[in-house]
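**Student:** Whatever this is, show me its structure:
(2 chains)
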Amino acid sequence: MIDGVRDAQGVVSVVQAAVTRHGATAEALVPVLKEINDELGYLPAEALAEVSRLFRMPKGQLMSVASFYHMLSTRPRGRHVIQFCESAPCHVVGGREVWQALQDELNLGPGDTSPDGTWTLVTSSCLGICGVGPVIIVDGDIYGNVVPERVPELLARYA
Amino acid sequence: MKFVRSLVLVSSDPDSLARGAQEVHERLQREIQSAGLQEEVAVVPVGDLGRHGAAPLIVVYPEATIYGPVTPDDVPLLVEEHLRKGRIAVGLRASARELSGRIAWLSARRGTLPAEQRIVLARAGLIDPEDIEDYILHDGYEALGKALTQMTPVDVINAIGKSGLRGRGGAGFPTGMKWRFVSQTDSYPKYVICNADESEPGTFKDRLILEGDPHSIVEAMTIAGYAVGASEGYIYVRGEYVLAQERLDKAIDQARQMGFLGEDIFGSGFNFDIHIHTGAGAYICGEETALIESIEGKRGEPRARPPYPTTHGLWGKPTVVNNVETLANVPPIVRNGASWFRRFGTSNSPGTKVYTILGNVNVTGLVEVPMGITLREVIAIYGKGMKDGATFKLAQTGGSSGSIVPSSLQDTPMDFDSFARAGVSLGSGALLICNEDTCVVDLVKVLLNFFRRESCGKCTPCRVGTERAHQILTSLSEGTAELSDLRDLETLVDGLSQLSHCGLGQTAAVPIRDIFKHFRAEVEAHVRLKICPTGACSMSGR
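**Tutor:** This is a model prediction of the structure:
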């Protein structure tokens, strides 16, 4: 089991589906990695090995690309990923207090995954929704104008 | 197109969706259905309609009545009163304050409030971004037709050159000149890239253009391709902008079906097609050579310049890279002529600029105004003044890579040249307005944390410099810094700005330089007196 659901063969078929859609040319590499990451939650070694084979690209070079982009993860993540925007526009309207509340509530630091695999807490440089800061995104759901008191209720929706 | 009695627009940008626009939209459809009005009333989810304070917004035409913030429970009353009985549901209307600013021009038709000048956002929020016919009805693809049938490529480049259009990504490079360089390079194929990797904190103008008027970018890129002799284009969209990607996808499909993309466009023999390339989360990919590397399937690390992309770009071929907002200006210029465009803005910076107004003001959001307006005017007119009557202390312009503008410069006209003369930069159009409670050390610490994180690591001055600067700023905020640390910080400013390979490291030095220049006493208080004058810093290690 690699992502809790699929075995190695399942992972390979996810890679092959992505390559069928985007191709195996150089310009398809980042989109392919992104699709695999979206599908599996991260890029397991088995997936990277298959990408390396299909793109005829050395694993080291592939790893240098995969580890460069924030939206790609080479480590497993929790079932729910919380992104907190730590940019200046969110900071000056109360982001710092929200960040503290998130860490206290989850008992996690930046980049940590909870031991039971439920939560991963990450910071983001900017989520592009600056009009309604402070902003957090949970599994793709956007929450704006967040105040610390709202944090427990927001997280309870996913528990 | 179907003709209807009432047209209901629902704001469906991410801000509104975050506030429940989807539920409002669904409820609206259900209520209209159960009232039996589905043949008479059309409901269209559109991009950003403005005033985030009142989102989700609903605008009902032909009366142009603006409702907001609307909750799903408000919908039955709205449908009953306005759509069935034809009278305004007064209690649900957006407040007067919310009506100003961003959507001021809607009410400006009725002779109220200071109007914006809209060129690039003229259609955003007014047309259905997923319907090419709506775009065509609003002058869409007219400029492309004119360019392909009545103008030579050189004519198009001359028109853009004469208009004085300058790049809206931050650097302000003349667009006509860039196009001329590419057209004169004798190497094929050539490429047109739209830089939609808008990652500058506080900036979301490009997202609103892409979500609200995606066809304008498709049209502009095709015109650019004709002008420079390219037959292929790429739109590099920031990975987080999912809605923008979907809308662009649809727009490109529709344009292909209608023959505005593909072969022999307008029977001119000119071929052009566009690919969408999504980013995967890297601020540095907004730098044009890093963006090109990223499309080529590599780490997004900037290349050495020169050679510039105009001669050695994507796959080593001549490439035009233009920002979204820059491109959105192209169709109106081709349609109306260069002298029309020069009527707006200043002589060296013609046209308009889209600003995002954020921070401690009463109204945050987005405005498109002529170049040359001042900060004081932006705060007073569009920001509706400082929140809670606070005093304006500084503005951070242009996202992280801009300047810190103290209140003493708030009457400087905001155009490329006036700002450069004042020693500050306009950047990408974000205006983060800060009040007296903002500590400059705390603010710049947050900015440096951004650069530290986003540095690609290719060159040492930036990789190490941003990290070390962040360390020193952290020790300042904790009250553990010494005077020698301030000297080190000033040395780092020089190192970063002079030795960094690309703009990221160079601009990382700017906010530090600015606070030494304008707020030195406040910075030194953190060291000499071990106090934070605003009380924002923890000073925990004192």
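
**Student:** what separates B:L77 from B:K85, distance-wise?
**Tutor:** Counting by C-beta to C-beta, to the nearest Å, the gap from B:L77 to B:K85 is 11 Å. Heads up, the C-betas are built off the backbone N, CA and C, glycines and all.

**Student:** These two - which one has more neighbours?
**Tutor:** Taking other C-beta atoms under 10 Å in any protein chain shown, B:L77 and B:K85 do not tie; B:L77 has more neighbours (13 against 10).

**Student:** Near chain A, which residues of the stretch 301-450 of chain B are found?
**Tutor:** Residues of the stretch 301-450 of chain B found near chain A (C-beta under 8 Å from any C-beta of the partner chain) are B:356, B:358-360, B:364-366, B:396, B:400, B:430, B:432, B:434, B:438, B:443, B:446-447, B:449-450.

**Student:** per-residue pLDDT, the spatially closest residue to B:F260 that is not a sequence neighbour?
**Tutor:** Once flanking residues are discounted, B:F260 sits nearest to B:Y141: 5.4 Å by C-beta to C-beta, 6 or more residues apart in numbering or on different chains. According to the prediction, B:Y141 has pLDDT 95.

**Student:** Quick check, B:Y141 in contact with B:A147.
**Tutor:** No - contact criterion C-beta atoms under 8 Å: B:Y141 and B:A147 do not qualify, at 10.3 Å.

**Student:** Looking at these two, which is more packed in?
**Tutor:** The residue with more neighbours, out of B:Y141 and B:A147, is B:A147; 27 against 22, by other C-beta under 10 Å.

**Student:** List the strands paired with the worst-scoring helix or strand of chain A on mean pLDDT, with their directions.
**Tutor:** Within chain A, judged by mean pLDDT, DSSP states H and E, the helix or strand with the poorest mean is strand A:141-143; its value is a mean of 90. The pairing partners recorded for strand A:141-143 under DSSP bridges are strand A:136-138 (antiparallel).

**Student:** what's in contact with the strand it pairs with?
**Tutor:** Applying C-beta atoms under 8 Å, 6 or more residues apart in numbering or on different chains, the contact partners of strand A:136-138 are A:80-85, A:98, A:102, A:124, A:127, A:143, A:146, A:154-155, A:157-158.

**Student:** Enumerate every residue touching the residue nearest to B:F260.
**Tutor:** If you count contacts by C-beta under 8 Å, 6+ apart, B:Y141 has them with B:Y135, B:H215, B:E219, B:M258, B:F260.

**Student:** Can you give me the domain assignment for the chain?
**Tutor:** Unless you meant another one, I'm taking chain A. Dividing chain A into domains by automatic domain parsing, as the record does, gives the ranges A:8-66, A:80-156.

**Student:** Switch to chain B, please.
**Tutor:** B:6-108, B:132-341, B:352-435, B:440-528.

**Student:** hmm, back to that, now go through the residues of the stretch 301-450 of chain B next to chain A and say which are in helices.
**Tutor:** B:L443, B:V446, B:L447, B:N449, B:F450 (DSSP state H).

**Student:** any idea which of those is closest to B:Y241?
**Tutor:** The closest of those to B:Y241 turns out to be B:F450 (C-beta to C-beta; 18.8 Å).

**Student:** Could you pull up the residues touching that closest one?
**Tutor:** A:E86, A:S87, A:A88, A:S125, A:C126, B:P201, B:Y283, B:S400.
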